[in-house]
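Novice: Curious how this folds, go ahead:
(chains A and B)
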Amino acid sequence: MREFWIIFKQAFTTKAKAKSFMITTVIMVAAIFLLANVSKIIDTVQDLTGAGQSQNVLQVVDTSGVLVDRLQAQLAQGKDEITIEEADESEQILSDKVSSGDIDSFLSLSVDGQGTIHANYTTMSMMDFSLPMRIQDALQSIQAEMKAEELSLTGAQVQTLFTPIQFEQKNVSPSAKSEEELNQARVLVYVLMFVIYMAVIMYSSMIAMDVANEKSSRVMEILISSVSPVKHMFAKVLGIGTLGILQIIIYGIAGYFALKTSATEVPGGFSDFFSLKDVSISTLVYAVVFFLLGYFLYATLAALLGSLVSRTEDVQQMIMPMSMLIVAAFIISATGLSNPELGYVTYASYFPFFTPLVMFLRVGMLDLPMWEPLLAIFITLLTIFILGWFGARVYRGGVLMYGPSRSLKDIKKAIQLGKE
Amino acid sequence: MSLQLENVTKRFGDFTAVDQLNLSVDKGQMYGFLGANGAGKTTTFRMILGLLNANEGNIAWNDNTISYATSPEIGYLPEERGLYPKMKVEDQLIFLGELRGMKKADAKKSIDYWLERFEVTQNKNKKVEELSKGNQQKIQVIAALMHDPKLLILDEPFSGLDPVNVEMLKKAITDFRNNGATILFSSHRMDHVEELCEKLSIIHHGKQIVSGSLRDVKRSFGRQNVRIRSDHDLTGLDTVPGVLTVAHSVEGAVFQIEDEKVANDLLSAALQAGPIRHFEIEEPSLQDIFIAKVGKEYA
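Specialist: The predicted model follows:
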């Protein structure tokens, strides 16, 4: 056991003391703060440069002569900061101006014989969605008003005509999530899912790299002459796993403070979508559980694969099938984010290599009976043990194998060598 | 205190890497292990270390099998560099020392002693990849010696060292031997084996083709060399019966002969040609033996 902790300590400290580790951690923490406060920063920048204030005047050509003022009044009711201005120039000249980029857009209005408003919005920018939409809404209500006048309806009568129906959805399950809760859960689950995905892919390839590194530098031969390969493998997996947990805890604390500093912020910020009060404890607990499961599952696999190559250059190629599995799991759970009740999401959540992400998605989004996540956790644990047992056998031989080994066929060779 | 290998055989599939190997090394003895590349030396070492299991035969250290429990007693120097390139020398040696059962404080003391002895104290806080090849080798040697092992397994210990450092290392190894350690080492350099080892083996394609004490090996080889220096032409001597090969040089010639009697014939034949300046019967060098036994196939 003594050797186990020596290897564990070595795997942990050399990585934790490495400059690259510290730099990544600092950059990530900075990125978290940046992301949480992004709207604050954008506001500040806009205040300083005065950007975003330019396109506030819309030129309107009105042939009916009655619409400009009403449109102005209608838009003023909303919080639109746009001013409507009757154009002095003809439509042709304005059209040319739009083409040459002197103005962004203009609007031409007319009313036909039936009293229907015709509007033409001319722009060069394909990205101009919201303004035309608002104008359309405004014109729609103007038209409704005009028609009501024509039919001599009172304002109250018009309003009764347009009364929306009362529709409310109700779920009778005791722990069911309301639509609002579901949206909040979705953001939390997505963030955590992404963290699990990134962490698993990062740390497992770190392990494969480390093992291959020890092989290519031939330190391995010295190591396994004083500690058994199996002990070495598990000490390494645990050492780097601890490093990963430490790093995620740092990110977690950074995220907490970042959200706290941005919590009192103007609407539209990140905290609007994701605030601390929405964080459900059970989702966090599941996140930790599934991160650990995912890590140990893939780390064991990575150690096994890393032991098969003798040059670090071949590592990426060797762990490719494994990376594919993680990516597939992520894609399944990402598509399941909008509808976690899809059949294939349910099935995939029991496949051990997908469980850490897909079952986490389901458990975070849906109201599952307890046995479902427990069954999936059990299957994954079982797989980890089988993989650990199998991996240890491959590892024993793999670490002694040198030469141009870069295919999965070498697993058989490694087991053979390990037995001898 | 001794290392015993009895009829050890190792097969990888159809390929026999080591075939019926026997050797024993006593306490305070140094055993030389010679062989061309791929002869099976490293496989033998790995079996002794317990990294591979033998298909047949027995390996015993003090009548026990070697396991991880005995690893603190063993020092191993692999043929190729086995160090973390990016770790600092001291950290690395502490780590390897701890793995061999040392306490951290003892490891530090030992590291200071050996760095001093090998005159590389200035490298204590450098990364291994920053060191020259020879200095890396010294660090590797320290890793094998620092925990004061009783059994030393050295795979090509002198490779990459300049003559001054070779002497330094030889001294360190002979000190270990004099303190009663059991030492097994392999080398391509016959002169080192000849100088250091009481006993040796030459293995070829996994088979032990020569083994025993240095003196017996030389005796049983039979052939000897006669070195004659003369100002006169010695080419007439090539045809003396019993002469196997001749190498002429400016000063004279070296004759390889079947047995000692031929030396007398050569001497009288040489005197007939003219006065000689030097006459010597030499024992065959290990180099000669190795080339005669192994080299034929390469020629």
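Novice: now the strands: where do they sit in chain A?
Specialist: Using DSSP state E, the strands of chain A run over residues A:57-62, A:83-86, A:105-111, A:117-123.
Novice: hey, least reliable of the ones you listed by pLDDT?
Specialist: Mean pLDDT per stretch puts strand A:83-86 lowest among those, at a mean of 78.
Novice: in terms of contact count, name the helices or strands touching that one.
Specialist: Applying 3 or more C-beta pairs under 8 Å, 6 or more residues apart in numbering or on different chains; DSSP states H and E, one finds that strand A:83-86 contacts strand A:57-62, helix A:67-77. Where you see a C-beta, it was placed from the backbone N, CA and C, and this is true even at glycine.
Novice: For the stretch 101-250 of chain A, which residues are neighbours of chain B?
Specialist: Applying C-beta under 8 Å from any C-beta of the partner chain, we find that the stretch 101-250 of chain A lies next to chain B at A:213-214, A:217-228.
Novice: out of those, which one sits closest to residue B:211?
Specialist: Checking these against residue B:211 with C-beta to C-beta, the nearest one is residue A:225 at 25.0 Å.
Novice: That closest one touches residue B:76, doesn't it?
Specialist: Yes. Taking C-beta atoms under 8 Å as the contact criterion, residue A:225 and residue B:76 are neighbours in contact, 5.3 Å apart.
Novice: any common contacting residues for these two?
Specialist: With contacts taken as C-beta atoms under 8 Å, 6 or more residues apart in numbering or on different chains, the residues that reach both residue A:225 and residue B:76 are residue B:49.
Novice: nearest spatial neighbour of residue 235, skipping sequence neighbours?
Specialist: I'll assume chain A. With sequence-adjacent residues excluded and distances taken as C-beta to C-beta, 6 or more residues apart in numbering or on different chains, residue A:235 is closest to residue A:7, at 3.7 Å.
Novice: hm, I was asking about chain B
Specialist: In space, and not counting its chain neighbours, residue B:235 is closest to residue B:248: 7.2 Å by C-beta to C-beta, 6+ apart.
Novice: tally of neighbours for that neighbour?
Specialist: The number of residues packed near residue B:248 is 14, by other C-beta atoms under 10 Å in any protein chain shown.
Novice: Please, where are all the helices along the stretch 151-299 of chain B?
Specialist: Along the stretch 151-299 of chain B, counting by DSSP state H, counting those that start in this stretch, helices occupy B:163-178, B:190-196, B:214-221, B:260-273, B:286-293.
Novice: ugh, typo on my part, it should be the stretch 51-200 of chain A
Specialist: Ranges of helices within the stretch 51-200 of chain A are A:67-77, A:91-100, A:130-150, A:155-161, A:179-216, based on DSSP H, counting those that start in this stretch.
Novice: Deepest-packed of these, please.
Specialist: Among these, the stretch with the highest mean neighbour count (mean count of other C-beta atoms under 10 Å in any protein chain shown) is helix A:179-216, at a mean of 20.
Novice: Does it pack against any helices or strands, and if so which?
Specialist: In this structure, helix A:179-216 packs against helix A:229-262, helix A:281-306, helix A:315-335, helix A:355-365, with contacts taken as 3+ C-beta pairs under 8 Å, 6+ apart.
Novice: export those helices to a markdown table and tack on mean pLDDT and mean neighbour count?
Specialist: Supplementary listing: the helices and strands packed on helix A:179-216 in a markdown table, determined by pLDDT from 0 to 100; neighbours: other C-beta atoms under 10 Å in any protein chain shown:
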| stretch | mean pLDDT | mean neighbour count |
| --- | --- | --- |
| helix A:229-262 | 86 | 19 |
| helix A:281-306 | 87 | 22 |
| helix A:315-335 | 89 | 18 |
| helix A:355-365 | 87 | 27 |
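Novice: Can you check which of the ones you listed gets nearest to residue A:394?
Specialist: Residue A:394 lies closest to helix A:281-306 among those, at 5.0 Å (C-beta to C-beta).
Novice: Check which helices and strands that closest one is in contact with.
Specialist: Counting by 3+ C-beta pairs under 8 Å, 6+ apart, the elements that helix A:281-306 packs against turn out to be helix A:179-216, helix A:229-262, helix A:315-335, helix A:355-365, helix A:371-398.
Novice: Could you rerun that using 10 Å?
Specialist: For helix A:281-306, the contact count by 3 or more C-beta pairs under 10 Å, 6 or more residues apart in numbering or on different chains; DSSP states H and E identifies helix A:179-216, helix A:229-262, helix A:315-335, helix A:355-365, helix A:371-398, helix A:410-419 as packing neighbours.
Novice: Count the neighbours of the residue nearest to residue B:6 when sequence neighbours are not counted for me.
Specialist: Distances taken as C-beta to C-beta, 6+ apart put residue B:58 closest to residue B:6, at 4.5 Å, once the chain neighbours are dropped. If you count neighbours by other C-beta under 10 Å, residue B:58 ends up with 11.
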